[in-house]
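S.K.: Provided below are the primary sequence and the corresponding predicted coordinates.
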Amino acid sequence: MLTDCSTSATFTTAPLRRVLISLLFLTAVSLSSFIVFRASDSIGFRLPNLFYPSSKLHYVFPSVADDSPPDSEEYRLERVLKDASMPHRTVILTTLNEAWAGPSSIIDLFLESFRIGDHTRRLLNHLVIVSLDRKAFSRCLLVHTHCFALVTEGVDFSREAYFMTPDYLKMMWRRIDFLRSVLEMGYNFIFTDADIMWFRDPFPHFNLDEDFQIACDHFSGNPHDLENKPNGGFMSVRSNNRSIEFYKFWYSSRETYPGLHDQDVLNNIKYDSFLIDIGLKMRFLNTAYFGGFCEPSKDLNLVCTMHANCCYGLDSKLHDLKILLQDWKRFMSLPPSLKRSSVQSWRVPQNCSLESLRNYGPPGKDVEQH
C-alpha cells in the first residue's frame, strides 16, 4: 500500500511541478526582458524603427516622454557625429526647421539631389540633419538616419525665418555657435544649407592645407582674394586651434556689428588682423564648381553644388530648385559624348532673381532661410 500510495502521489504532483517550473521560467524571462529594455532606454540604445521615433524624442524633448532624465546634449551630439563620421572625423551638416521640413519641401529636394548626383548617394551616410524644432526633428527621423535636435531655450525656430528679422538673426548666430562646438569636439565638417543641391562629390576640390573654405555669391577668379563675396551656406572647415578661435571671434563679432547677419559680419572680419595673428588659412571656392543663382556654374561637367541664393520666398526657391533637378536629370541621361561636346545650361533662375535681392522689403509672405 505504501508503494501504491507513493506511486499515486508521484503521478498526482508531477503536472503541478511542471506548471510551477513553467511559471518560474516565464517570470524570469519577463524580468530579464524588462531589465534589458530599461537599460537600453537609459543609454539611448537604438530600438527597432517601429519604436525609434518616440524613444529618440525622449532625449531631446523630455516633456513628451517618460520621467527618466535625458542625457546631456554634448553626449547625444557626440554619438550622432561618431555614427555619421568619415574615417578622418569629418561629417556633413545641414540645419532644418519646420518651414523647410514638410513633404515635397526643401529637405526632400535636398536629399533627392544626393540620390541622383554623380557618386553622391554614399555621402548621405555621413550627413547629419540638425533640426531646430520638434516637427523638423520628427520629419528627419522619417527620412534620414542621422538626426540631431538643437534646442534653444526661449526661441521658437519652427516658424518661417523672414530675412533679417530678429528670429532670422538668432537662427543664423545659433548656427555659428553650434558649428564652433562641433569643431571643439574634434570634428571637421562640411556645412551646407538645405537649399543647396549636391550633384558631385565636392571633396576633390577642397585643399587639405586650408582651415576654412567657403562658397561665394561672386568669385573673382582668385581663391585667396579677400574681395570675393563669401556665402555662409556652404563651408568646409578643419578642426584645429585656428578654426576654433576664428569661430569664437566670428560669433563674438555679432556684438561689434549689431543687426548684421553672420555673412555680412564675415565680410567685415575677413580683413581683421586677428585672422592673421591666429594664422587662419582661408580659401574661397570657385563658382564654376560651387555655384548658385547669384552666379550659376556654367559647365554641367564641372558643377558640384548649386545654391538657391539670391532668392527670397519659399515658393520661389521650390519652383526653381525643382527645375534645377530636372535639368540635371536631363543632363545625366545624355550619352557621354553629348555631355562632353554640347553646351548644357540651366533654365534657372526664373522666379529667383537678382532683382528680388535688390527689392526685398519688410517681411510679408516670403521667407528666407539664408
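M.R.: Nice, I can see it. Numbering: from 1, shown residues only.

S.K.: got any ranges where the stretch 1-150 of the chain has weak pLDDT?
M.R.: For the stretch 1-150 of the chain, the stretches flagged by pLDDT under 70 are 1-71.

S.K.: for it, which segments count as strands?
M.R.: Assigned by DSSP state E, counting those that start in this stretch, the strands in the stretch 1-150 of the chain fall at 90-96, 127-131, 147-149.

S.K.: packing partners for the longest one?
M.R.: Meaning strand 90-96. helix 73-84, strand 127-131, helix 134-143, helix 166-184, strand 188-192 (3 or more C-beta pairs under 8 Å, 6 or more residues apart in numbering; DSSP states H and E). Glycine gets a C-beta too; all of them are placed from N, C-alpha and C.

S.K.: mean neighbour count added to the ones you listed, as JSON lines?
M.R.: Formatted as JSON lines, the helices and strands packed on strand 90-96 follow (neighbours: other C-beta atoms under 10 Å):
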{"stretch": "helix 73-84", "mean neighbour count": "16"}
{"stretch": "strand 127-131", "mean neighbour count": "25"}
{"stretch": "helix 134-143", "mean neighbour count": "19"}
{"stretch": "helix 166-184", "mean neighbour count": "18"}
{"stretch": "strand 188-192", "mean neighbour count": "22"}
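
S.K.: could I get those as TSV with distance to residue 321?
M.R.: Output for those, formatted as TSV (distance: least, C-beta to C-beta, whole Å):
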stretch	distance to residue 321
helix 73-84	24
strand 127-131	17
helix 134-143	17
helix 166-184	20
strand 188-192	14
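
S.K.: buried sites along the strand or helix carrying residue 326?
M.R.: Element membership of residue 326, judged by DSSP states H and E, is helix 314-332. For helix 314-332, the neighbour count (16 or more other C-beta atoms under 10 Å) marks 314, 316-321, 323-325, 327-328, 331 as buried.

S.K.: looking at pLDDT only, which of those residues scores worst?
M.R.: Lowest pLDDT within those is found at residue 314 (92).

S.K.: related to what we said a few turns ago, what would the buried residues of helix 314-332 look like in TSV with distance to residue 261?
M.R.: Below are the buried residues of helix 314-332 laid out as TSV (distance: C-beta to C-beta, whole Å):
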residue	distance to residue 261
314	18
316	20
317	18
318	22
319	24
320	22
321	22
323	27
324	25
325	28
327	30
328	30
331	34
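
S.K.: what about stretch 207-219, how long is it end to end?
M.R.: Stretch 207-219 has an end-to-end distance of 17 Å (C-alpha to C-alpha, to the nearest Å).

S.K.: average pLDDT for that stretch?
M.R.: pLDDT averaged over stretch 207-219 gives 97.

S.K.: out of the strands of the stretch 1-150 of the chain, which gets nearest to residue 261?
M.R.: strand 90-96 (14.1 Å; C-beta to C-beta).

S.K.: partner strands of that closest one and their direction?
M.R.: strand 127-131 (parallel), strand 188-192 (parallel) (DSSP bridges).

S.K.: so that strand versus helix 134-143, what angle?
M.R.: 130 degrees (axes from the mean of the first three to the mean of the last three C-alpha atoms, to 10 degrees).

S.K.: how about strand 90-96 as PDB, C-alpha atoms only?
M.R.: C-alpha atoms of strand 90-96 as PDB (Å, rounded to 0.1, in the frame of the first residue of the first chain):
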ATOM      1  CA  THR A  90      34.600  64.500 -41.000                       C
ATOM      2  CA  VAL A  91      30.900  65.000 -41.200                       C
ATOM      3  CA  ILE A  92      28.400  66.800 -43.400                       C
ATOM      4  CA  LEU A  93      26.000  69.100 -41.600                       C
ATOM      5  CA  THR A  94      22.800  70.900 -42.500                       C
ATOM      6  CA  THR A  95      20.100  72.600 -40.500                       C
ATOM      7  CA  LEU A  96      16.400  72.300 -40.800                       C
END
